[in-house]
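Student: Pasted the sequence and its predicted model underneath.
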Amino acid sequence: MLDIKRICAACGLCLFLFSMVMAPCAGGITIQQEEELSREFMDYVRRQFRIVEDPYIDRYVNDLGRKLLKQFSPQPFTYHFYVVEQDVYNAFAGPGAQIFMYTGLIEAMESESELAGILCHEISHVSCRHISENIERSGKIQIGTLAGVLAGILLGGSGSGEVASALTIGSIAAGQSVFLAYSREDEQQADEVGIKAQIGAGYPVEGLVTMLAKIKAKDWYGRDIPSYLGTHPGVEDRIVYLSRFINIKSEAGPVSFPKVSEDAFSRVHTRVLALYGDSEKAATQFEAMAGKAPESFLPDYGMGLLAFRQGNLKEANAYLKKALEKNAFDSYLLADLGQNYFQEGDFPAARKILESAVSMDSENLECRLLLGQTRLAMGDFSEAQSIFERLLVDDPDYAKALKSLGEAFDKQGRSAEALYYLGLSYLKTNDVEKAVFNLKRARGEAGEEGLQKKIDDALTQAENEERKGKKRKKERPEDGGEERHIR
């Protein structure tokens, strides 16, 4: 006999979720204001926290983020996904679709489903404009002050004194900061919108529930309160109603999901543990992994990365070679081994291995960059130049390739081109003062008209960015300048 109440409940919940996703999330400050606030906010983040600049981790997290974004309606922002190197349980969405995941939280994960659940939740906060709506409700707060207040709230107050003190800048900010935190209603809406996206992308809701349970367990049994709990209230309630949702779905009928490969997640998880986690804890985990799955290459891969991190290059090579014996045609393993030989100064061995890795995976830009740098170290300047130029065709904004191309030109005695590309590399990394300095030097040495025009265009852009930066710095209240209202 059918349980009418359960069927009605299931239908009602499904309709509610559908309405939450389809309903436009509007209100709050304008897109332009939020983008300006985002630039200020990122200044705080980059000054106070170490963003992981690991190409493999960065590529994976951003690829997964873009995959999940396909389940959302068209967005007004360009999303960027970052990993913060800090051993805490935290994740948050900053203004302007800047989404952050901490290495400590990734370490605690066991599947891509858990990561997808957290990312969908954070994307939902952005999609529903929760930050902008809270800012609008908070009244008049100066934009420079506001960026610091947001940093203090969302980063969990775990940065240096400058970020922590931002919470108390000005009586208005101190009095109004409570309005900038997420409410339980915000959290519920982000969960409901995120669930729809998570399921649409092929991930069961259980991933989010298990991750929330781990965060809550850290609060129950750990010494440190997870930063996530400070900005995402009501975790216990969320676990309850998400579990209820899972039960209703299972009673309404079995739901099958396509099998998601865990290979990429497992590799990145191993990399985070080895290169950014606690060394002793990582070694213990890799030893335990080897005992449970002796056929897996991941324990040797992890131990190799850990040895590299500790400067034991010969030991690192030995572990990576053992990993290759179990996974022979792995371009990532070859790239890591090639990097080790490069660090040792064995450039012929590095070149041979890196060429093999590039032939297997031509989209691995970091591996191609390292191959170019190896050819540069071997004195093959024109070949190195060619490699870097091809890299920039695929990614014109690749700052490391721009800098390396400048080095290749410098080795060939072409100082104008060398200074131009060095200036561009600084421009791409927002070091505008060095960009202006090198581009002015390049302009003084350039003779070719076409090169002169490119230098002038880049210099104009760099000088404009420099003026904007000085203006923002002057208007920050902690720098003694005037303050602008967000509205």
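Tutor: Received it, and whenever you're ready, just let me know what you need.
Student: Need the phi and psi values for Gly94.
Tutor: phi -90, psi 180 (degrees, to the nearest 10).
Student: before we move on, what about the one 5 residues further on?
Tutor: Here the main-chain torsion angles of Ile99 (degrees, to the nearest 10) amount to phi -110, psi 130.
Student: Kindly report the same for Glu295.
Tutor: phi -80, psi -10.
Student: Now it: closest residue in space that isn't a chain neighbour?
Tutor: Closest residue to Glu295 apart from its sequence neighbours, by Cβ to Cβ, 6 or more residues apart in numbering: Lys326 at 6.7 Å. No exception for glycine: its C-beta is placed from N, CA and C like everyone else's.
Student: close enough to count as contact, that neighbour and Leu298?
Tutor: No - here Lys326 lies out of contact with Leu298, judged by Cβ atoms under 8 Å, at a distance of 9.1 Å.
Student: which of those two has more neighbours?
Tutor: Leu298 (22 against 16; other Cβ atoms under 10 Å).
Student: My guess is that one contacts Val268. True?
Tutor: No - contact criterion Cβ under 8 Å: Leu298 and Val268 do not qualify, at 10.9 Å.
Student: which ones are touching the residue nearest to Gly277 when sequence neighbours are not counted?
Tutor: Spatial nearest neighbour of Gly277, chain neighbours left out: Glu107 (5.4 Å); criterion: Cβ to Cβ, 6+ apart. Remark: with contacts taken as Cβ atoms under 8 Å, 6 or more residues apart in numbering, Glu107 is in contact with Asp87, His269, Val272, Leu273, Gly277.
Student: which of the residues in stretch 414-433 are buried?
Tutor: Across stretch 414-433, burial judged by 16 or more other Cβ atoms under 10 Å covers 414-428, 431-432.
Student: Of these, which belong to helices?
Tutor: 415-428, 432 (DSSP state H).
Student: Could you say which helix or strand holds Glu122?
Tutor: Using DSSP states H and E, Glu122 sits within helix 112-127.
Student: tell me what that helix is packed against?
Tutor: helix 55-69, strand 91-94, strand 98-102, helix 184-200, helix 206-221, helix 263-276 (3 or more Cβ pairs under 8 Å, 6 or more residues apart in numbering; DSSP states H and E).
Student: In the fourth one, which residues are buried?
Tutor: So that's helix 184-200. Within helix 184-200, the residues that count as buried by 16+ other Cβ under 10 Å are 186-187, 189-199.
Student: can you check the first one too?
Tutor: Residues of helix 55-69 classed as buried: Tyr56, Ile57, Asp58, Arg59, Tyr60, Val61, Asn62, Leu64, Gly65, Leu68, Leu69 (neighbour count, 16+ other Cβ under 10 Å).
Student: nearest to Ser331, of those?
Tutor: Tyr56 (10.8 Å; Cβ to Cβ).
Student: ok, now how distant is that closest one from Glu463?
Tutor: 36 Å (Cβ to Cβ, to the nearest Å).
Student: what does Pro76 give?
Tutor: Taken as Cβ to Cβ, the span from Pro76 to Glu463 is 29 Å.
Student: and if you look at Gly94?
Tutor: Counting by Cβ to Cβ - Gly94 and Glu463 are separated by 28 Å.
Student: Would you mind listing where the stretch 351-487 of the chain has pLDDT under the threshold?
Tutor: Applying pLDDT under 70 to the stretch 351-487 of the chain flags residues 472-487.
Student: Which residue ranges of the stretch 201-350 of the chain form helices?
Tutor: 206-221, 227-231, 235-252, 263-276, 279-292, 298-309, 313-326, 331-344, 347-360 (DSSP state H, counting those that start in this stretch).
Student: What residues sit buried inside the next helix or strand after the last one?
Tutor: What that stands for is helix 347-360. For helix 347-360, the succeeding helix or strand toward the C-terminus, using DSSP H and E, is helix 365-377. Residues Leu365, Glu366, Cys367, Arg368, Leu369, Leu370, Leu371, Gly372, Gln373, Thr374, Arg375, Leu376 are the ones in helix 365-377 that count as buried (16+ other Cβ under 10 Å).
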